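*Asks:* Can you look at this prediction? I've put the sequence above it.
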Amino acid sequence: SATGERVLFLMRQLTHEWTHVYMDNLFNSVALARSAYQEKALVHGVTRTNGRGIPVDVVQKEEKSKAKQEQARGTVKVAVMKNDPLCPDVVACSIYDTKPVHLLSTVAETVEWISKKRDVWDGTAGEMRPILFLRLNMIDCYNFGMGDVDIADQLRLVYCPEHWMR
């Protein structure tokens, strides 16, 4: 696609081999991961499910009822596409949170739960308190690899002047 070609053009400008490239769902696909690998770049990010090369066994459908959403929450499905001569070990993963999130990666070497800590407001105690929670390492890698890009996208949509000036 034209968009994929633009992304590959940018990857060809990278000065270091095997740079980790983090991307949003507009760009990421198995085909792009293969092409990036040929350019000596590794990709990691969320992806759409239609026509992106994600194995059918990994795809999770969005549940409509609250009861089914709660039942599906926390479900993880993973497949490693091994021995592809164009791109070895592409990891496809999905996790159901409030809706399914699908990831593709040539960066990930493992898929595991990691323990994280965050300070949250405790209204009863009237202070911030630390809580422990689990996060999939692929999600953590994506969040920190993307930096503030996702936050900037969210703010751009909220504070879009065209929206308020109609």
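*Replies:* Structure's in. What do you need?

*Asks:* Doesn't residue 31 lie inside a strand?
*Replies:* No - assignment of residue 31 by DSSP: H, G, I helix; E, B strand; the rest coil gives helix, placing it outside any strand.

*Asks:* which SS state does the closest residue to it other than its chain neighbours fall under?
*Replies:* Counting by C-beta to C-beta, 6 or more residues apart in numbering, residue 53 is the residue found nearest to residue 31 once chain neighbours are left out, at 6.2 Å. All C-beta spots, glycine's among them, are computed from the backbone N, C-alpha and C. Judged by three-state DSSP, the three-state class of residue 53 is coil.

*Asks:* Who are the contact partners of residue 53?
*Replies:* Taking C-beta atoms under 8 Å, 6 or more residues apart in numbering, we find residue 53 in contact with 29-31, 104.

*Asks:* Try it again at 7 Å.
*Replies:* Counting by C-beta atoms under 7 Å, 6 or more residues apart in numbering, residue 53 makes contact with 29-31.

*Asks:* what is the most centrally placed residue in the chain paired to in the beta sheet?
*Replies:* By C-alpha atoms, centre = their mean, the chain has its centre lying nearest to residue 46, at 2.8 Å. Under DSSP bridges, the beta-bridge partners of residue 46 are residue 103.

*Asks:* That one against residue 101, yeah?
*Replies:* Yes - applying C-beta atoms under 7 Å as the test, residue 46 and residue 101 come out as touching, 6.2 Å apart.

*Asks:* Fine by me, we can end here.
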